[in-house]
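# Predicted model follows, preceded by the sequence.
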2 protein chains.
Amino acid sequence: MVHHGGRAGGDGRAGLDDVARLAGVSLSTASRALNNHPQVAAATRERVLAAAAGLDYVVSPDASRLAGRSSRARVAVVVPHLSRWFFGRLLEGLEVGLRDGDPDGGAGVDQLLFLVGDVAGRRAFFEDLPARRRVDAAVVVGFEVDEVEQRRLELLGVSIVSAGGPREPFPSVTVDDLRAGRQAVDHLVHLGHRRIGMLATADPADRGPDLRSRAYRTALTDAGVPDDPDLVVRVPFGPAGGAEGMGRLLGLRRPPTAVFAYSDEVAAGAVRAVQRAGLRVPDDISVVGIDDHPLAGLLDLTTVAQPVHEQGVVAGGMVRVLLAGGDPPPSQVLPTHLVLRGSTAPPGAAGRAET
Amino acid sequence: MVHHGGRAGGDGRAGLDDVARLAGVSLSTASRALNNHPQVAAATRERVLAAAAGLDYVVSPDASRLAGRSSRARVAVVVPHLSRWFFGRLLEGLEVGLRDGDPDGGAGVDQLLFLVGDVAGRRAFFEDLPARRRVDAAVVVGFEVDEVEQRRLELLGVSIVSAGGPREPFPSVTVDDLRAGRQAVDHLVHLGHRRIGMLATADPADRGPDLRSRAYRTALTDAGVPDDPDLVVRVPFGPAGGAEGMGRLLGLRRPPTAVFAYSDEVAAGAVRAVQRAGLRVPDDISVVGIDDHPLAGLLDLTTVAQPVHEQGVVAGGMVRVLLAGGDPPPSQVLPTHLVLRGSTAPPGAAGRAET
DNA sequence: TTGAAAGCGCTAACAT
DNA sequence: ATGTTAGCGCTTTCAA
């Protein structure tokens, strides 16, 4: 039996040779026609296109790129979580930044998603991924990349961009957590609070060095408030964590009059715990968070807002620059700002106001 | 100048031939060694591995797969949003379902992320993607796939799984929205409400046919309550939408005594609007949502819970079955259940209780 | 404007 | 256990 082109038996997918034969042209002409080469006769192109359509032909991206056609770039998007608003929102921005200015809606770069919740998954990503599924760039969201990991990727020629995490030795977009923390705590201090508690993250892997806690400490020091380790409790992410931590703070012989939570979702739980304890926010206890989560307004939560979507957009732009072979763009630190709402007030407001 | 293997000049990435030469073996032996073939001598493998390491060699996934090695599968994950808890959470489940039982943490399938917020993006996905970046399967989350789109994918041999959206003609995991809606509205009816409003989605593209509204209507009909179009307002997703919609409901000559919101995030805004209007929940107005969002508890929101993470896990499992060449697994409808909290109460409770 | 031929980098039969 | 030889499906010189 003569093998005259086409894939396998009658079932396989149509190949370029099938198209060529059906159109009555050579393989190369078919290829050119499909790739919009200028030097094919209009009529010929028509025929090829028709043949391709008729056969439901689709190129093999693998063969195509192997043969030289630099197909679309691929970027690995590495995130530790996805159910937290921050990450999802940032990824929405990333998508925008990656596609930006791309007239043709379909172009752009492909995003490979890597959900590396735990340390193990993360290590697996850095060891395994780049080697076997080649990506051209990686954007890591919300966590630190250590030197070994970084070198590994560099070696493979994949450029890295970091977003929403600690400032890295490579291009990154972030917010100044030290400053954000100070904005929150200073606000409390300015209000007159001296006994301020902190709900800090229990998972240092989340964002690298715990800058928010550091900010808390220095803010208090600067304000001349002596350190009290009891006032810092580390809690898991989320309302439950916040509630539990606040419970512990409330149980102290001298509870704080204000609390700084490392995230709105934690702050929300804290507010609830205060209310459950029969106390009021902000009359008895002030609470301030970070993020300006979409639901923060509902809870009337004072918070330090950070531009989450924009961090994604910027990161996407950086990736595009890198992909285009440009020089590593300078890192950017986006501004945060205090959003005053009803969860903070001067200490002892309980006795005075009755609003 | 003799071309004796190796890529381009001195700069290009090392190729398998370079490794082979350095290790003093043939190309195929090198390949076998790197692919853990059993029939290579331990010593040889060592040498090859060392050579590869020394040259920072990484296989070309394209060439590899072209040549026959069916590398890891790729699945397209198509979502309309990512900053909404539902989608992020479902994707976390998907990840789990896709990796399930995979001892080696790195194995599994690659996920290509497609964020198709608007109709245009979605159309682009269905027209363009399958053709140029081949994926082996696609899981569409939270929206309907029309027949043309479906056919297009089938043609290309990519199997589809639908999760968290309308029940499709292909394998899907969902929740019975009709039933979920009834659970919510029936609860209100049982409480004694007759004048019930609905905050329905303004974006029908989100989840296909608006089953939750349909449930609302039939529940009322079954309860013998006459239809009142004024009581259904369509609002955009989120707290702002909920607040605005509730505002409209409150502005009616005869406002409802209870409201069913199509999502907790909308319900939350509704609750807030009620409070801002100087009324109380649930004393003056009851509010019930859907999802059991992590923050629903904080807001003391009565809601109909759905297993979001699990929908993702199940979808992931289905994809694995399909990828393994198995028969299309049967669709699954996961159960929902009413979560009683403090945002609902019998009508007219305002006058009676003082809690 | 089109065809023929030579690979892209790798794997998988076949041989040995 | 290792080497040889065909390709995988496509793009691209090089010729015509």
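Now that the structure is in, tell me what you want to look at. Numbering: from 1, shown residues only, chains lettered A, B, ... in the order given.
# Could you name the helices and strands sitting against the one helix or strand residue A:127 maps to?
For residue A:127, the host element (DSSP states H and E) is helix A:119-132. Under the contact definition 3 or more CB pairs under 8 Å, 6 or more residues apart in numbering or on different chains; DSSP states H and E, helix A:119-132 sits against strand A:74-79, strand A:110-115, helix A:147-155. For glycine as for every other residue, the C-beta is placed from the backbone atoms N, C-alpha and C.
# cutoff 7 Å now
Secondary-structure packing of helix A:119-132 (3 or more CB pairs under 7 Å, 6 or more residues apart in numbering or on different chains; DSSP states H and E): helix A:147-155.
# What residues of the helix it packs on count as buried?
Buried positions in helix A:147-155, judged by neighbour count with 16 or more other CB atoms under 10 Å in any protein chain shown: A:149, A:150, A:152, A:153.
# Next to DNA strand C in this structure, residues from chain A, please.
Applying CB under 7 Å from any atom of the strand, we find that chain A lies next to DNA strand C at A:24-29, A:32, A:39-41, A:43-44, A:63, A:66-68.
# Return a ChimeraX selection command for the buried portion of the residues you listed.
Those of the residues of chain A next to DNA strand C that count as buried under 16+ other CB under 10 Å are selected in ChimeraX with:
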select /A:25,29,32,40,44,66
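# okay, now residue A:172: neighbour count?
As a burial measure, residue A:172 scores 26 neighbours (other CB atoms under 10 Å in any protein chain shown).
# Next up, the contacts around it.
Going by CB atoms under 7 Å, 6 or more residues apart in numbering or on different chains, residue A:172 touches A:161, A:162, A:163, A:331.
# Check what pLDDT the first one gets.
The predicted structure scores residue A:161 at 95 on the pLDDT scale.
# What is the strand or helix carrying it packed up against?
According to DSSP H and E, residue A:161 maps onto strand A:159-163. In terms of contacts (3+ CB pairs under 7 Å, 6+ apart), strand A:159-163 is packed against strand A:137-141, strand A:172-175, helix A:308-323.
# how about CSV for those, with distance to residue B:59 and mean pLDDT added?
CSV is the format used below for those (distance: least, CB to CB, whole Å; pLDDT from 0 to 100):
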stretch, distance to residue B:59, mean pLDDT
strand A:137-141, 18, 93
strand A:172-175, 30, 96
helix A:308-323, 22, 95
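# Could you export these as JSON lines, including distance to residue B:80?
Converted to JSON lines, the helices and strands packed on strand A:159-163 look like this (distance: least, CB to CB, whole Å):
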{"stretch": "strand A:137-141", "distance to residue B:80": "20"}
{"stretch": "strand A:172-175", "distance to residue B:80": "25"}
{"stretch": "helix A:308-323", "distance to residue B:80": "16"}
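# between the ones you listed, which one is nearest to residue B:307?
Closest to residue B:307 of the helices and strands packed on strand A:159-163 is strand A:137-141 (CB to CB; 26.4 Å).
# min pLDDT across the residues of chain A next to DNA strand C, which one?
The minimum pLDDT among the residues of chain A next to DNA strand C falls on residue A:68, with 78.
# Check the gap between that one and residue A:291 for me.
According to CB to CB, to the nearest Å, residue A:68 and residue A:291 sit 46 Å apart.
# go on, residue A:214?
18 Å.
# which one of those two has more residues nearby?
residue A:291 (27 against 15).
# I figured the more buried one was touching residue A:261, is that so?
No - judged on CB atoms under 7 Å, residue A:291 makes no contact with residue A:261 at a distance of 9.8 Å.
# shaky segments in chain A?
Within chain A, the segments meeting pLDDT under 70 span A:1-12, A:101-107, A:129-133, A:204-208, A:349-355.
# Mind jotting down where the strands sit in it?
Secondary structure of chain A (DSSP state E): strands located at A:74-79, A:110-115, A:137-141, A:159-163, A:172-175, A:196-201, A:232-235, A:258-261, A:286-291, A:302-305, A:332-334, A:337-339.
# Run the contact check for the third one versus chain B.
No - applying CB under 7 Å from any CB of the partner chain, one finds strand A:137-141 out of contact with chain B, separated by at least 11.7 Å.
# same for that strand, what does it pack against?
Packing partners of strand A:137-141 (3+ CB pairs under 7 Å, 6+ apart): strand A:74-79, helix A:85-99, strand A:159-163, helix A:308-323.
# how about a cut-off of 6 Å?
On a contact count with 3 or more CB pairs under 6 Å, 6 or more residues apart in numbering or on different chains; DSSP states H and E, strand A:137-141 meets strand A:74-79, strand A:159-163, helix A:308-323.
# any idea which of those is most buried?
Each of the helices and strands packed on strand A:137-141 was scored by mean neighbour count; the highest is strand A:159-163, a mean of 27, by mean count of other CB atoms under 10 Å in any protein chain shown.
# who's in contact with that strand?
Outside strand A:159-163, the residues that touch it by CB atoms under 6 Å, 6 or more residues apart in numbering or on different chains are A:137-141, A:153, A:168, A:170-173, A:311, A:315, A:318-319, A:322.
# Give the burial count for the nearest residue to residue A:165 once chain neighbours are set aside, as a bare number.
Distances taken as CB to CB, 6 or more residues apart in numbering or on different chains place residue A:142 nearest to residue A:165, at 4.7 Å, with adjacent residues excluded. Around residue A:142 there are 23 other residues, counting by other CB under 10 Å.
# cool, and residue A:146?
Each residue near residue A:146 was counted by other CB under 10 Å, and the total is 13.
# can you check residue A:348 too?
The number of residues near residue A:348, taken as other CB under 10 Å, comes to 12.
# likewise residue A:118?
Residue A:118, neighbours per other CB under 10 Å, totals 11.
# Now for it: which residues touch it?
Applying CB under 6 Å, 6+ apart, no residues contact residue A:118.
# I'd like to know how far it sits from residue A:142.
Applying CB to CB to residue A:118 and residue A:142 gives a distance of 14 Å.
# what's the closest non-adjacent residue to residue A:148?
The shortest distance from residue A:148 to any non-neighbouring residue, by CB to CB, 6+ apart, is to residue A:126 (7.9 Å).
# now do residue A:91
residue B:82 (5.0 Å).
# Likewise for residue A:272?
Spatially, and ignoring its direct neighbours in sequence, residue A:272 is nearest to residue B:298 (4.8 Å; CB to CB, 6+ apart).
# interface residues of chain A facing DNA strand D?
So chain A meets DNA strand D at A:7, A:12, A:15-17, A:27-28, A:31-32, A:34-35, A:57, A:59-60, A:63-64, A:66-69 (CB under 7 Å from any atom of the strand).
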